[in-house]
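>>> the sequence and its predicted three-dimensional model are supplied below.
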Amino acid sequence: MNARKAEENLFKLLMLVSLLFVLASLAGIVAVIAVKGMSAMSLSMILDTPRGGYYLGKEGGVANAIVGSLYLVSGSTIMALIISLPVAFGLQREYTGKRLADLSRLVLDILWGTPSIVYGAFGFVVMVYLGIRASLLGGIIVLTLLMIPIMIRAMDEAIRMVRHELKEISYALGTTRIETTVAVVLRQALPGICTAVVLAFGRGIGDAASILFTAGYTDTIPTSLLDPVASLPLAVFFQVSTPIPEVQARAYASALILLFIVVIVNILARLLGWRLSRNIVK
Amino acid sequence: MDTSRRRLKDTFARISMRASVLFINVLGLAIFCGLLVKAGPILARVPLVELLFSTSWHPMKGSFGLFPFIVGTAEVTLIAMLISIPLCLLCAIYLTEYVGRRSREAARFIIDILAGIPSVIYGLFGVLVIVPVVRAIGESMDVQTTGYSLLAGGLILAIMVIPFIISISLEVLRMVPGEDRESALALGATKWETIKHVVLRKAYRGLLASVVLGFARAFGETMAVLMVVGNVAEVPSSVFDPAYPLPALIANNYGEVMSIPLYDSALMTAAFILMSMVAGFSLTAHYALQRIGLQGHR
């Protein structure tokens, strides 16, 4: 009996220790980034572009990366949304047979797991083929590819949750499939769809590997789709590797801004899901 | 609205949705084939065995042995998993079995948010904290090391996959019915015995799947590892040696490969290997999770 009790206590202790360890290391990351980032933060960090080159110049801020990231991610979120919505609805059984739908979900799972560096390499090949150089357009294309599977799978989940009876009631009133889809299913799945979009936005803004050779990097804010564009994750990556402390400070500031955006976006995605779901039929 | 117009609209919508579903499948195929086609030239020139198992990486002289990179990837992933698997399972069990609903939901919320933190931020943490720590450990053991090493890569990767694995494991453990636990407890089992003999036995397939998905995630992770792993194209002889995983190889070299013949083809082979491995892992986990009634997409 005592041995059994001892085993119980031993494992309970181990579990508690590992939970504390995990929470502490994750809190440690946030704390380190926050402390380093806050000490580098200033108004000109947010409002100015770097002067004298992002890699060597000691003055200026990371406005180029903030605006660049927002351009990249808003562009690709809109593109991905346009592509994902019909696919997510198309996967439902009103429109696609079970076998094709299952196959497509499998393909989406594989695409979901595909490392972003592979998207980057593939995107670069496509860009070379099309004759586009590293640019805002290239970055948007690659991020769109990266976001599509995330968005579709999350939307698909939400749409599949819609009660079948609701659709049948709608059909019984004499509506066509698309009318039911727009008036009933879309309405009901809207919170889930919003969450999906916001989550994809969060993933897109933090991804560095895919835009490494497709978006390029620059000191200025792009004025056309074919200009290279700076981004927050790459601002961290490039600027932390210099020996100059002032430049490293820009990397820390970029990391803090990025962390802030991602955390806010993730919290927003969940709150949005809650708020909007008050109006749906469960 | 008259019926024929409504019907036309319906047909149009159905066709365009069908087309977009097909488009997604074509896209998947295109990425796979695109990588294969770009990998073609080197696969035609160099025997696959030499490409995979040669340790000589000298692109200028035309020798492309991917072995150091494959070993680097495997070892970094292995270290990460050895650290994270026990931690994740213990945490997940604790959160499902010993903690109230409120705290579990709160922990889940935090873990989900942490799972969304971009990899460059983990990488920055690695450069600022993990690398100096590893250097200090190395020095205390009389090993020459810069800290940018296999161990640093493994550690940062472990921290990165932890929220990911816990999140899936929690869902798997939640699928075990409460009645099963109650019957074991009613027979006089302690809580831990219930977990060991009932919960884990029921959930082991799903937990395995969550670990496999963690592997897949760790395998393709690029930026964080790239920043701390040292990037030297040799087979590391200790955990304090630098390594050079496949994703880091692609990330470091892809922009400048056009001038050297076969170089981009070699890197595309690396990308193809990565994608195939990850696809294999995902498919395994997908089926395992589907069998226990969970969707395998997380």
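Here it is on my side, so go on.

>>> quick one: the helices in the chain?
Using chain A here. All helices of chain A, identified by DSSP state H, fall at A:2-40, A:43-47, A:63-90, A:98-113, A:116-130, A:136-160, A:164-172, A:177-180, A:186-206, A:232-239, A:245-276.

>>> I was after chain B.
Going by DSSP H, chain B shows helices at B:3-45, B:48-53, B:67-93, B:101-115, B:119-125, B:131-140, B:150-174, B:178-186, B:191-194, B:200-220, B:223-228, B:246-253, B:263-291.

>>> now render those as a markdown table, adding distance to chain A and mean pLDDT.
Any C-beta I mention is one placed from the backbone N, CA and C, and that applies to glycine too. As requested, those are exported to a markdown table (distance: least, CB to the nearest CB, whole Å; pLDDT from 0 to 100):
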| stretch | distance to chain A | mean pLDDT |
| --- | --- | --- |
| helix B:3-45 | 3 | 87 |
| helix B:48-53 | 17 | 76 |
| helix B:67-93 | 4 | 89 |
| helix B:101-115 | 5 | 85 |
| helix B:119-125 | 5 | 91 |
| helix B:131-140 | 11 | 87 |
| helix B:150-174 | 6 | 89 |
| helix B:178-186 | 12 | 86 |
| helix B:191-194 | 4 | 86 |
| helix B:200-220 | 2 | 85 |
| helix B:223-228 | 5 | 87 |
| helix B:246-253 | 5 | 84 |
| helix B:263-291 | 4 | 84 |
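
>>> A:S39 is nearest to which of these?
Closest of the helices of chain B to A:S39 is helix B:119-125, at 14.0 Å (criterion: CB to CB).

>>> still on that earlier bit, columns mean neighbour count and distance to A:R105 on top of the helices of chain B, output as a markdown table?
Shown next, in a markdown table, are those (neighbours: other CB atoms under 10 Å in any protein chain shown; distance: least, CB to CB, whole Å):
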| stretch | mean neighbour count | distance to A:R105 |
| --- | --- | --- |
| helix B:3-45 | 16 | 10 |
| helix B:48-53 | 13 | 32 |
| helix B:67-93 | 22 | 26 |
| helix B:101-115 | 16 | 22 |
| helix B:119-125 | 27 | 26 |
| helix B:131-140 | 16 | 41 |
| helix B:150-174 | 25 | 17 |
| helix B:178-186 | 13 | 30 |
| helix B:191-194 | 18 | 35 |
| helix B:200-220 | 22 | 16 |
| helix B:223-228 | 28 | 28 |
| helix B:246-253 | 24 | 26 |
| helix B:263-291 | 21 | 9 |
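
>>> quick one: closest of the helices of chain A to B:A115.
Here helix A:245-276 is closest among the helices of chain A (CB to CB), at 8.7 Å.

>>> quick revisit: the helices of chain B: which one's closest to A:N9?
Here helix B:191-194 is closest among these (CB to CB), at 8.6 Å.

>>> touching the closest one from outside, list them.
The contact list for helix B:191-194 (CB atoms under 8 Å, 6 or more residues apart in numbering or on different chains) reads A:4, A:7-8, A:11-12, B:97-98, B:181, B:184-185.

>>> the residue in the stretch 51-200 of chain A that chain B sits nearest to and B:S276, how far apart?
Relative to chain B, the nearest point of the stretch 51-200 of chain A is A:P115 (2.5 Å; CB to the nearest CB). For A:P115, the distance to B:S276 (CB to CB, to the nearest Å) stands at 11 Å.

>>> which neighbours do the two have in common?
With CB under 8 Å, 6+ apart applied, the contact sets of A:P115 and B:S276 do not overlap.

>>> list the residues that contact B:Y254.
Applying CB under 8 Å, 6+ apart, one finds that B:Y254 lies in contact with A:120-121, A:124, A:212-213, B:264, B:267.

>>> put the buried members of the contacts of helix B:191-194 into a PyMOL selection.
Restricted to buried positions by 16 or more other CB atoms under 10 Å in any protein chain shown, the PyMOL selection for these reads:
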select buried, (chain A and resi 8+11+12) or (chain B and resi 97+98+181+184)
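
>>> show me the residue sitting in the middle of chain B in space.
B:R217 (1.3 Å; CA atoms, centre = their mean).

>>> was I right about it contacting A:S116?
No. With contacts defined as CB atoms under 8 Å, B:R217 does not count as touching A:S116, sitting 11.2 Å away.

>>> quick revisit: which of the helices of chain A comes out lowest on mean pLDDT?
Lowest mean pLDDT within the helices of chain A: helix A:43-47, at a mean of 75.

>>> and B:N231, its phi and psi?
The phi and psi values for B:N231, taken as degrees, to the nearest 10, are phi 60, psi 60.

>>> and the nearest residue to it once chain neighbours are set aside, how many neighbours does it have?
Excluding the flanking residues, the one nearest B:N231 by CB to CB, 6 or more residues apart in numbering or on different chains is B:Y244, at 5.0 Å. Using other CB atoms under 10 Å in any protein chain shown, B:Y244 has 26 neighbouring residues.

>>> same check on B:D241?
Applying other CB under 10 Å, we find 21 residues neighbouring B:D241.

>>> can you give me every residue that contacts it?
B:D241 neighbours (CB under 8 Å, 6+ apart): B:145, B:149-150, B:230, B:232, B:234.

>>> now do A:I132
Per CB under 8 Å, 6+ apart, neighbours of A:I132: A:138, A:226.

>>> what of B:M277?
B:M277 makes contact with B:216, B:219, according to CB under 8 Å, 6+ apart.

>>> mark out where each domain of chain B begins and ends.
Per automatic domain parsing, the structural domains of chain B span B:3-45, B:67-291.
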